[in-house]
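In: Need a 3D model of the sequence below.
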Amino acid sequence: MNDVADLRMLIGLAHRQVRTILAVALPIFLLSVAVLFSLTPRYTAQSLVLVDTSSKNLLDPNTAATSGLTDNSRVEGEVRIVRSDAVLLDAIRDGNLLSDPEFTSNGFMEPLLAVVGLKRTASSGDKAIGAVLDSFRYAVRVRREGLTYLITVGVTSKDAEKAARLANLVTAVYIKKQVEAKVANTVSAGKILEHQVTAARDVLAQNERNLDLFVTSHGNLQAAGSLQQLRLADAQFGETASDARGPNYGRGISSEILTQYYALQQSAQVARTQYQNLLTRLQDFEAQASLQVADSRIVSAALAPIEPSYPRKGLVLAVMAILALGLGIGGALLREFFIGGFTSEDQVSAVLNIPLASVTPDQAGSEVEKPHGRGLSDTIMSAPLSLFSESLRRIRVSLDQTLLRNAGLLEPETETGVVVMVASALSGEGRSTLATSLARTYALAGKRTLLVDCDLRKPSIHRHVDREPTSAFVNLLRGEPDPGLANMVVTDHATNLSVILGARPAEFPTDELLMGPRVRKLLERARQHFDYIVIDTPPVEAAVDALYLARLSDAVLFVVQWATTPQKAARKAVAALKGHAKDPAPIIAVLNRQDQRKWFAVGGHYVLASA
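Out: Residues are numbered from 1 along each chain as shown. Next comes the predicted model:
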């Protein structure tokens, strides 16, 4: 049941505050639409690159491709390389972006400076390149696709064809620089190896010279047959000296000389082997320098996009519509519960800090109909079991109980009547209708009741009782001779209610009349003849008349129109009444004209069924 009630309350709030919601949401949404369609569309083209982390050797195709343990960091590193300044600067130069207005102009400052008649000073040199690099870096988006080896390279531009061209250009520059880096590494390694080959050649030459000098310095090694055999043994790599011996080899040569000779011979052999190995590796590096391939390859080249990536009008419009509606609802809630009117009994009590007597319904007949005065106040007689009639009786009970608790004014021994003042913060809140209806309720209950129209600036009680206004009351207050209470009172034919009518709308300050002693004496005399004196007063915000009358009243009935009376005005009016009402005169609120349609309120069906 509470959920249903809350839903109905929300629907009712939206219905009451529909103008506030539209006033807030519609301008925001229209402004968003205007800004959205004034934005220059931008297109994003994307190319897809695959990073191959396996090692490759084109000179040895039989070598198995191996994958390291740092593939993830390798791919992340390639992402950083693609969007590095080195790659972007080469793309800027190759794409001639230094003269492209899209990247050389400041998109926000240029129009602003043009409006004030200024021009931005053109940058030159490194500053111009830096400015273009910043703009281009903002247009380039590089990301890794999850945990795969794929990298997406996207470029955003005002032109779809340019976006595709620049995306492919960045990718091509990245691939080219990757190959150049591998070639440079190979060339650098080759230069180092070349120095090692030169050093190995020098070592080999020195060993050969040492061997030749040793042979020359020992004549017996040059003997016929012996030298020839030694040279043959030195030339045959991989064979031992004994394999090359002839029948006359080594005769007449001491073992020390042979040992030295073999040592020199072995050193020359080792130097020759090292030299040949380094020379072979150097040739391999020279071949690799011309056979380098990139580790990354383009899987899918960028194509010119058809739809712009910015702004996404459908998504933006949906988000702005929701945002505008949310702000509109927020404004409605703010107006409903803090700025606007009252819509619940708890709200009235919490905001005004006064008890609430009853909630009266809004129904046909609120306005007095001429010429017979059949308005809402006639419902007391025509429909005594209606919601409105029951709410008036609830006001009467609440008022009587409050007076009993506060001052005991309605105890049996009380001989004087009670003055009940009906007030409101603003005009048009149903104050006069409630005053007439309350007085008729007391009269129908058998109480001697007097209704006094003290709204001298805009009297309206005569319309409710269908009597012509008279000036006797105003004349008395202006100092004319007292005609007597009986000569000022007219009778409501429907209920035998006694009424003191006002005159035509006054064109002079009426507070001077109500602050004098004559109105006090009139009410004192009325207390002697009536049980209840109900007085209708002007709005508190419009005139100070009600504040003077509050001093003479035993209770104040403060009327608040449902969902209409501003909370600020109501709080101000209640504070003023509290400051002027006599102690202990209570101030009791009435929430008037509540919308009784079933989607706005819950309850009331029993009374309607009984009517």
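In: For Glu76, which non-adjacent residue is closest in space?
Out: Spatial nearest neighbour of Glu76, excluding adjacent residues (C-beta to C-beta, 6 or more residues apart in numbering): Arg144 at 6.8 Å. Where C-beta positions appear, they are placed from N, C-alpha and C, glycine not excepted.
In: do Leu456 as well
Out: The shortest distance from Leu456 to any non-neighbouring residue, by C-beta to C-beta, 6+ apart, is to Thr510 (4.0 Å).
In: ok, now which ones touch the one you found?
Out: 456-457, 538, 543, 545 (C-beta atoms under 8 Å, 6 or more residues apart in numbering).
In: Arrange the residues you listed in JSON lines, one row each, with neighbour count and secondary structure as further columns.
Out: Formatted as JSON lines, the contacts of Thr510 follow (neighbours: other C-beta atoms under 10 Å; DSSP: H, G, I helix; E, B strand; the rest coil):
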{"residue": "Leu456", "neighbour count": "24", "secondary structure": "coil"}
{"residue": "Arg457", "neighbour count": "19", "secondary structure": "coil"}
{"residue": "Pro538", "neighbour count": "24", "secondary structure": "coil"}
{"residue": "Ala543", "neighbour count": "20", "secondary structure": "coil"}
{"residue": "Asp545", "neighbour count": "24", "secondary structure": "helix"}
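In: Using a markdown table, please lay out these together with pLDDT and distance to Leu133.
Out: Output for the contacts of Thr510, formatted as a markdown table (pLDDT from 0 to 100; distance: C-beta to C-beta, whole Å):
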| residue | pLDDT | distance to Leu133 |
| --- | --- | --- |
| Leu456 | 89 | 81 |
| Arg457 | 87 | 76 |
| Pro538 | 93 | 75 |
| Ala543 | 90 | 73 |
| Asp545 | 93 | 77 |
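In: which one of those residues is nearest Gly375?
Out: Pro538 (19.5 Å; C-beta to C-beta).
In: Test my guess that the closest one contacts Leu549.
Out: No - applying C-beta atoms under 8 Å, one finds Pro538 not in contact with Leu549, separated by 9.1 Å.
In: any common contacting residues for these two?
Out: Common neighbours of Pro538 and Leu549 (C-beta under 8 Å, 6+ apart) are Cys454.
In: related to what we said a few turns ago, how much space between the residue nearest to Leu456 and Phe473?
Out: In this view, Thr510 and Phe473 are 11 Å apart by C-beta to C-beta, to the nearest Å.
In: low pLDDT regions in this protein?
Out: 1-6, 9, 55-69, 106-124, 219-253, 285-292, 364-374, 407-415, 597-611 (pLDDT under 70).
In: residue ranges of the strands in it, please?
Out: For the chain, applying DSSP state E gives strands covering 43-51, 140-144, 150-157, 296-300, 356-361, 418-424, 449-453, 489-492, 497-500, 532-536, 555-561, 587-594.
In: Which one, of those strands, ends up nearest to Ser309?
Out: strand 43-51 (3.9 Å).
In: ranges for the helices of the stretch 201-350 of the chain?
Out: Taking DSSP state H, counting those that start in this stretch, the helices of the stretch 201-350 of the chain run over residues 226-235, 255-289, 313-334, 345-352.
In: Can I get those in TSV including distance to Leu522 and mean neighbour count?
Out: Listed next are the helices of the stretch 201-350 of the chain as TSV, based on distance: least, C-beta to C-beta, whole Å; neighbours: other C-beta atoms under 10 Å:
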stretch	distance to Leu522	mean neighbour count
helix 226-235	151	17
helix 255-289	120	15
helix 313-334	45	15
helix 345-352	30	16
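In: Arg478: neighbouring residues, count only.
Out: 14 (other C-beta atoms under 10 Å).
In: Am I right that it is in contact with Glu512?
Out: No - using C-beta under 8 Å as the test, Arg478 is too far from Glu512 to be in contact (9.2 Å).
In: Which parts of the stretch 351-500 of the chain are helices?
Out: 379-382, 387-406, 431-444, 461-464, 472-477, 485-488.
In: would you list those in a markdown table and tack on mean neighbour count and distance to Leu279?
Out: A markdown table is the format used below for the helices of the stretch 351-500 of the chain (neighbours: other C-beta atoms under 10 Å; distance: least, C-beta to C-beta, whole Å):
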| stretch | mean neighbour count | distance to Leu279 |
| --- | --- | --- |
| helix 379-382 | 17 | 120 |
| helix 387-406 | 19 | 113 |
| helix 431-444 | 27 | 115 |
| helix 461-464 | 24 | 124 |
| helix 472-477 | 20 | 131 |
| helix 485-488 | 14 | 137 |
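In: Show me the one of these that comes nearest Val319.
Out: Of those, nearest to Val319 by C-beta to C-beta is helix 387-406, at 44.8 Å.
In: Run the angle between that closest one and strand 587-594 for me.
Out: Orientation note: helix 387-406 sits at an angle of 170 degrees relative to strand 587-594 (axes from the mean of the first three to the mean of the last three C-alpha atoms, to 10 degrees).
In: Using CSV, write out the CA atom coordinates for helix 387-406.
Out: C-alpha atoms of helix 387-406 as CSV (Å, rounded to 0.1, in the frame of the first residue of the first chain):
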residue,chain,number,x,y,z
LEU,A,387,-15.3,15.0,1.7
PHE,A,388,-15.4,18.8,2.0
SER,A,389,-18.1,18.8,4.7
GLU,A,390,-16.3,16.2,6.7
SER,A,391,-13.0,18.1,6.4
LEU,A,392,-14.7,21.2,7.8
ARG,A,393,-16.1,19.2,10.8
ARG,A,394,-12.5,17.9,11.3
ILE,A,395,-11.3,21.5,11.4
ARG,A,396,-14.0,22.3,14.0
VAL,A,397,-13.0,19.4,16.2
SER,A,398,-9.3,20.1,16.0
LEU,A,399,-9.9,23.8,16.8
ASP,A,400,-12.0,23.0,19.8
GLN,A,401,-9.6,20.4,21.2
THR,A,402,-6.6,22.8,20.7
LEU,A,403,-8.4,25.5,22.6
LEU,A,404,-9.3,23.2,25.4
ARG,A,405,-5.8,22.0,25.8
ASN,A,406,-4.2,25.4,25.5
